[in-house]
Every structure is written in structure tokens, then in C-alpha cells.
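Student: Just to be clear, the model below is a prediction. Sequence and coordinates:
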Amino acid sequence: MKREKDISKIIARHLMFAASEDEKKFLRSWRNGNDKNERGYQIMKWLLRGDSFSKSSSQHKVPVEAFFHRTRFVDRNHKTIGWWKIAASIAVILALGSLASQFLYFFDDTHVTLVADSGQRTQAILPDGSKVWLNNCSQLEYTHRPGRKRYVVLKGEAYFEVAKDATRPFFVHTDHMEVRVTGTQFNVRNYDDESKAEVALVEGSVKVMPKNGPSSMLEPGQLLTLTKKTGSVIKNKSNVTDRSAWRNGILLIENASFDELIARLERWYDIRIEYKPEDFKNIHYTGTIRKLRLDQVFDFINLTVPVEVQMNENHIVLTKK
């Protein structure tokens with residue numbers, strides 16, 4: 001007999017056509033057990049989009065366990081909520097490629113933390129209908145409170161398509177700034193290990209409020225860059241669609257120092273890279289990495305400074321020649 005806390009995973013696998021025969025049999029018995037169980041199942045089934053996947057899909061192996069590991073649901077008292085609330089508040093939709101998953105959250109005062117680990121990119125749909133794409137090594141926290149201010153906390157990088165609601169602005173909070181919007185598309189980048197934070201506006205308008213400094217309004221096509229150490233802000237025209245090219249598997253490098261380049265490669269390829277920072281000072285890189293193997297990336301680095309690459313099982317060592 002399966003424990004009750006596992007039923008949400010069984011439902012998810014069943015709706016993804018990935019359940020075993022034993023799980024299907026157990027689910028039928030569970031649904032017939034009482035009306036509450038059947039309602040929970042039907043809610044989760046209803047939330048799923050019919051065109052998201054099918055039995056004939058070539059990508060039927062969905063990482064159900066990974067989804068529940070990376071996404072945490074807690075109530076207002078920070079206690080893990082029960083399986084029935086998970087089943088009724090989530091729709092787990094087939095992974096897009098091997099990198100993206102979509103989720104829907106519905107219950108009041110439910111706190112959701114969405115995580116994209118190294119080498120991963122994740123897509124989510126928030127309760128108000130806003131869409132968000134999360135880049136690798138990023139985290140988004142969201143508390144669903146109907147009728148109240150829409151508010152998310154971001155660590156890392158995300159692209160937002162905010163559902164329009166003039167009566168309830170949408171706020172993106174980071175350690176160094178806050179972005180206010182009512183309905184628009186924009187990219188926010190603020191990794192802890194990077195010296196600058198960015199907001200790139202694709203459509204609509206946003207108000208950027210640095211932690212220390214005056215606020216700025218952005219127009220479509222504008223990029224705001226905040227230097228964390230000094231608090232200085234630069235706003236200029238840019239090809240803002242490039243800032244979110246990571247959603248399509250493209251890593252854009254623009255005048256990045258060697259340290260910044262290595263940090264981005266570690267996140268992108270989920271690998272640890274060792275090197276001596278003093279050997280690579282005053283070196284900057286600009287370029288586009290599109291579906292390149294890591295060894296091909298080091299060929300790109302070699303164009304600027306010769307390096308010796310030692311490939312180990314869990315990490316890479318770079319040595320300046």
C-alpha cells in the first residue's frame with residue numbers, strides 16, 4: 001500500500017502516461033475511495049493543458065521525482081503542505097526538451113520556491129497567469145495571496161511575461177533593487193557572484209528602484225545596468241532580446257572578465273573549473289556560445305590566451321601556458 005504522501009506523484013505520473021500498472025490499479029482504488037479523492041484528481045487533470053503532451057510524445061519520460069525535489073510548497077507557517085493540496089494546486093506539464101517544466105499554483109497563502117539548478121532552465125506559470133523563465137543557478141519565491149500585491153523574490157536570472165492587472169502591480173525584488181510593473185516583458189539578472197545587475201525591457205514599461213539611489217523608468221529596448229559596489233546606474237539602448245537568448249540555449253558573453261566568464265560557464269555546464277585568478281587578469285571576452293561542447297568553448301578561450309586544459313571526472317583545471 002502506498003503512503004498517502006506519495007499519491008500526488010502517482011497522479012502526476014499517471015497524467016504524464018508514465019505510471020506503472022500497479023500505480024494505475026492503486027490510483028483507481030484511491031479515486032473510488034471517496035468524493036474528496038476524486039475531486040482532487042479531477043482538479044489536477046483539469047489544470048493540465050491537453051496539447052502539452054500525448055502518449056505518442058517522444059519525450060514521455062518526465063522527471064517527476066526531480067520536480068518534487070526542486071519545488072517546495074509550504075503554508076503561511078512554513079510547514080510542508082499535505083499531498084491533497086499539492087495535487088489540487090499543481091499541474092505538472094511535460095518537460096520542454098530536457099530543460100524546462102511548467103507549473104501552475106492555485107491555493108491561497110501558499111508559498112512556492114522554484115529552483116533551477118546548475119545546467120538547468122525552468123519555465124513556470126504563476127497563479128495570476130504571469131509566465132517566468134528561470135535561468136540556471138536561480139531561485140524564485142512567490143506567495144499566492146489573491147487580491148493582494150503580486151510579489152516575487154529573485155536570486156539569479158529570470159525572464160518575465162507579466163499578466164496585465166493595473167490594480168495590482170507586480171514586483172520583482174532582488175538584493176540590490178526592486179522592479180515594479182503592471183504588465184510587460186523583461187529580463188532581470190542579479191547573480192551574487194557578479195559585480196553588476198541588469199534589467200532589460202522588451203515590451204511595456206517598468207520602474208527600477210535601486211536599493212541605494214534614484215528610481216528609473218525604462219522604455220522598450222532599454223537596458224539598465226547597476227554596479228553593485230558603487231550603486232551607479234547606466235541606462236541605454238540595447239538589443240534587449242539578446243539578454244534573454246539563454247531561454248533558447250544561447251549563452252551571450254559581452255565584455256566579461258575571465259572570472260565572470262568562468263562563473264557563467266560553471267553555471268551553464270554544471271561543472272567546477274579551477275584556475276589561478278592572478279594568471280588571467282585584465283582579460284575580457286565577447287562572443288556567443290550556441291550549442292558548443294565545453295572543449296569547443298576552451299578553443300574559443302585559447303584565441304585570447306593560451307590555456308592548458310586538464311579534464312577530470314568532477315572538475316576541470318585551467319593553466320595558463
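Tutor: Ah, there it is.

Student: mind listing the helices for the stretch 101-250 of the chain?
Tutor: Secondary structure of the stretch 101-250 of the chain, counting by DSSP state H, counting those that start in this stretch: no helices present.

Student: What segments of it are strands?
Tutor: Secondary structure of the stretch 101-250 of the chain by DSSP state E, counting those that start in this stretch: the strands cover 110-116, 122-125, 131-134, 138-144, 150-161, 170-173, 177-181, 185-190, 196-203, 206-210, 216-218, 222-227, 233-237, 250-257.

Student: okay if I get those as JSON lines plus mean pLDDT and distance to R272?
Tutor: Using the backbone N, CA and C atoms, a C-beta is placed for each residue, glycine as well. Rendered in JSON lines, the data for those read as follows (pLDDT from 0 to 100; distance: least, Cβ to Cβ, whole Å):
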{"stretch": "strand 110-116", "mean pLDDT": "75", "distance to R272": "18"}
{"stretch": "strand 122-125", "mean pLDDT": "82", "distance to R272": "22"}
{"stretch": "strand 131-134", "mean pLDDT": "91", "distance to R272": "22"}
{"stretch": "strand 138-144", "mean pLDDT": "83", "distance to R272": "18"}
{"stretch": "strand 150-161", "mean pLDDT": "94", "distance to R272": "18"}
{"stretch": "strand 170-173", "mean pLDDT": "95", "distance to R272": "30"}
{"stretch": "strand 177-181", "mean pLDDT": "95", "distance to R272": "30"}
{"stretch": "strand 185-190", "mean pLDDT": "96", "distance to R272": "22"}
{"stretch": "strand 196-203", "mean pLDDT": "96", "distance to R272": "23"}
{"stretch": "strand 206-210", "mean pLDDT": "95", "distance to R272": "32"}
{"stretch": "strand 216-218", "mean pLDDT": "94", "distance to R272": "36"}
{"stretch": "strand 222-227", "mean pLDDT": "95", "distance to R272": "27"}
{"stretch": "strand 233-237", "mean pLDDT": "94", "distance to R272": "32"}
{"stretch": "strand 250-257", "mean pLDDT": "88", "distance to R272": "17"}
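
Student: Can you lay out the ones you listed as a markdown table showing distance to D270?
Tutor: Shown next, in a markdown table, are the strands of the stretch 101-250 of the chain (distance: least, Cβ to Cβ, whole Å):
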| stretch | distance to D270 |
| --- | --- |
| strand 110-116 | 11 |
| strand 122-125 | 14 |
| strand 131-134 | 15 |
| strand 138-144 | 13 |
| strand 150-161 | 14 |
| strand 170-173 | 25 |
| strand 177-181 | 28 |
| strand 185-190 | 19 |
| strand 196-203 | 23 |
| strand 206-210 | 31 |
| strand 216-218 | 32 |
| strand 222-227 | 27 |
| strand 233-237 | 32 |
| strand 250-257 | 13 |
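
Student: Deepest in the core, which of the ones you listed is it.
Tutor: Among the strands of the stretch 101-250 of the chain, strand 185-190 has the highest mean neighbour count (mean count of other Cβ atoms under 10 Å), at a mean of 24.

Student: Any idea which helix or strand in this structure has the lowest mean pLDDT?
Tutor: Least confident element among the helices and strands of the chain, by mean pLDDT, DSSP states H and E: strand 93-96 (a mean of 30).

Student: wait, what's in contact with the most centrally placed residue in the chain?
Tutor: The centre of the chain sits closest to L134, judged by Cα atoms, centre = their mean, with a distance of 1.8 Å. Applying Cβ atoms under 8 Å, 6 or more residues apart in numbering, we find L134 in contact with L114, V115, A116, R121, T122, Q123, A124, L140, G156, E157, A158.

Student: do the same with K149
Tutor: Contact analysis of K149 by Cβ under 8 Å, 6+ apart lists R168, P169, F171.

Student: swap in Q185?
Tutor: Contacts for Q185 (Cβ under 8 Å, 6+ apart) come out as Y159, F160, E161, V162, L201, V202, E203, G204.

Student: would you turn these into CSV with distance to K149?
Tutor: Converted to CSV, the contacts of Q185 look like this (distance: Cβ to Cβ, whole Å):
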residue, distance to K149
Y159, 21
F160, 16
E161, 19
V162, 13
L201, 21
V202, 23
E203, 22
G204, 18
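
Student: Let me know the closest of those residues to N314.
Tutor: Of all those, N314 sits closest to Y159, with 30.8 Å by Cβ to Cβ.

Student: which residues touch the closest one?
Tutor: Counting by Cβ under 8 Å, 6+ apart, Y159 touches V132, W133, N135, Q185, F186, N187, V188, S244, R247.

Student: ok, T319 to E313 distance?
Tutor: Taking Cβ to Cβ, to the nearest Å as the measure, T319 falls 18 Å from E313.
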